[in-house]
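Q: Pasted the sequence and its predicted model underneath.
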Amino acid sequence: VPAFGIALRALASDQDVHVMGNPGLLVVDHGEAVLSVGRTIPYRTGTTLTGTGLSQANYDRLDVNMELLVTPHINDDTLVTLAVELTADEVDESAAADNGGPTTSNRQVETDVMVEDGQTIVIAGVTSTKMERVESKVPLLGDLPLIGALFRSHRKSSRSTNLLVFLTPYVVDSPSDLLRIRRIKEAQRQEFVRRFQDKEGQEWLDALRGLLADAEDRPAS
């Protein structure tokens, strides 16, 4: 199946991959589908004094989400235009949170794409880079005053993240179409579990390459 082969190629090219979700959404023509994945972060906003004179911390919460909005427009029986809006929030873990709350960044992509029924597109371009400062030291000696710096070292590293979204539209004209699509997705999931369950390391990569080869040889459904 086209979507399966493209997703597997992305996984095979990079071992450091995190799958945020694999949802399926049913939406009417010209209707808007919304998918939101994320977390809620508590942060301290200040303190108040209780009636007994004790201080009590006050907290608020911040939603950090990846939100995807998709509006399909069916042009004919096989061609679909997708209006896509992707927004990704991110918290700067290195910045100290004060009473104003955590420091966040926002990345956004908007695009209109035309795709055949059952074919897959990839939305990319949502990237971020984090700089990290890591300290290494000799136990005990690195904490000594004056000479401790001789037993400590610092290094900076950068970590880049690229968010990829795979979209595969299916035009549903009848209940039989919906059943066919469901069977396709179930077959993909079962095949993935069968090949990868209880596998690690190089064995996992070998199984992934084999599944990728099968997916590329398989005719489109």
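A: On my side now, so go ahead. Numbers count the residues shown, from 1 in each chain.
Q: residues touching the residue nearest to residue 171 when sequence neighbours are not counted, list them.
A: Setting aside the residues directly before and after it, residue 171 is nearest to residue 117 in space (CB to CB, 6 or more residues apart in numbering), at 4.6 Å. Using the backbone N, CA and C atoms, a C-beta is placed for each residue, glycine as well. Going by CB atoms under 8 Å, 6 or more residues apart in numbering, residue 117 touches 77-80, 169-171.
Q: out of those, which one sits closest to residue 149?
A: Closest to residue 149 out of those is residue 169 (59.4 Å), distances taken as CB to CB.
Q: May I ask you to confirm that that closest one belongs to a strand?
A: No: secondary structure of residue 169 (DSSP: H, G, I helix; E, B strand; the rest coil): coil, not part of a strand.
Q: Count the neighbours of it for me.
A: Residue 169 has 21 neighbours, counted by other CB atoms under 10 Å.
Q: Give me the phi and psi angles of it.
A: phi -80, psi 140 (degrees, to the nearest 10).
Q: Now the nearest residue to it once chain neighbours are set aside, what are its backbone angles?
A: Counting by CB to CB, 6+ apart, residue 169 lies nearest to residue 80, which is 4.6 Å off, once chain neighbours are set aside. Backbone torsions of residue 80, given as degrees, to the nearest 10, read phi -130, psi 130.
Q: Bridge partners for residue 80, pull those for me.
A: Beta bridges link residue 80 to residue 74, residue 115, judged by DSSP bridges.
Q: could you say what helices and strands the helix or strand in which residue 189 is found packs with?
A: Here residue 189 sits within helix 175-196, counting by DSSP states H and E. If you count contacts as 3 or more CB pairs under 8 Å, 6 or more residues apart in numbering; DSSP states H and E, helix 175-196 packs onto helix 201-217.
Q: sorry, back to before: which of the contacts of residue 117 sits closest to residue 58?
A: Using CB to CB, residue 169 comes nearest to residue 58 of the contacts of residue 117, at 46.4 Å.
Q: so what pLDDT did that closest one get?
A: Per-residue pLDDT puts residue 169 at 90.
Q: Which parts of this structure are strands?
A: 33-49, 55-74, 79-91, 104-116, 121-137, 152-167 (DSSP state E).
Q: Check those strands for me and report the most buried one.
A: Among the strands of the chain, strand 79-91 has the highest mean neighbour count (mean count of other CB atoms under 10 Å), at a mean of 18.
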